[in-house]
Each structure stands twice: as structure tokens, then as C-alpha cells.
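1. Mind looking at a prediction? Sequence and model below.
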Amino acid sequence: MEGVVISVCQFHAFTSNNIVLESIVLSGTVRCFNRETCLELEKSIKRISQSIAIMTLTTPP
């Protein structure tokens, strides 16, 4: 895979103090040099986020 830039620009955890989070939202940008790399990166991000959801017993994205 070629070089890419991933920027996580926002992190929102919609809750009050001392409450277990029901959900969070991460947003940002991804920059790639070619389409194939972007498609592969998208698959990797989905796979990683789904694996984290499974390990933490939460709902996958």
C-alpha cells in the first residue's frame, strides 16, 4: 500500500459525566494518491472498526 494521510478531526461522545457511552462519532479525512489505495484503505478501516466493535461487545458500524 502506498502512503496515505488519515486525519481524525472530530471526536464526539454524546453524553453526560459518569455515564457509560452509548455511542461515539469520529470524523475526519483520508487522502490517497490513487483510487486503488483509497479502496483498500476503506476496506481496512471498516475491518478494523468492526473488529473493535466485536471485541468491545458493541454494535459494528
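-> That came in fine, so what should we check first? Computed from a predicted model, the values in this text were never measured in an experiment.

2. When you work out contacts or count neighbours from here on, use the C-alpha atoms and nothing else.
-> OK.

3. residue boundaries of the strands in the chain?
-> 5-12, 25-31 (DSSP state E).

4. Give the partner strands of the last one in its sheet and their orientations.
-> Under the criterion DSSP bridges, strand 25-31 sits next to strand 5-12 (antiparallel) in its sheet.

5. could you give me the average pLDDT of the partner strand?
-> Averaged across strand 5-12, pLDDT comes to 89.

6. contacting residues around that strand?
-> With contacts defined as CA atoms under 8 Å, 6 or more residues apart in numbering, strand 5-12 is touched by 24-32.

7. need the strands of the chain in TSV with distance to residue 57 and mean neighbour count, can you?
-> Converted to TSV, the strands of the chain look like this (distance: least, CA to CA, whole Å; neighbours: other CA atoms under 10 Å):
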stretch	distance to residue 57	mean neighbour count
strand 5-12	20	10
strand 25-31	17	10
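
8. Now render the ones you listed as TSV, adding distance to residue 37.
-> Conversion of the strands of the chain to TSV gives the following (distance: least, CA to CA, whole Å):
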stretch	distance to residue 37
strand 5-12	11
strand 25-31	10
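
9. related to what we said a few turns ago, any idea which of the contacts of strand 5-12 is closest to residue 3?
-> Nearest to residue 3, judged by CA to CA, of the contacts of strand 5-12 is residue 32 at 7.1 Å.

10. Roughly how far does that closest one sit from residue 55?
-> Look at residue 32 and residue 55: by CA to CA, to the nearest Å, they are 29 Å apart.

11. Likewise for residue 28?
-> 23 Å.

12. repeat for residue 2
-> For residue 2, the distance to residue 55 (CA to CA) stands at 29 Å.

13. before we move on, the earlier item: who has more neighbours out of residue 32 and residue 55?
-> More neighbours surround residue 32 than the other of residue 32 and residue 55, with 15 against 9 (other CA atoms under 10 Å).
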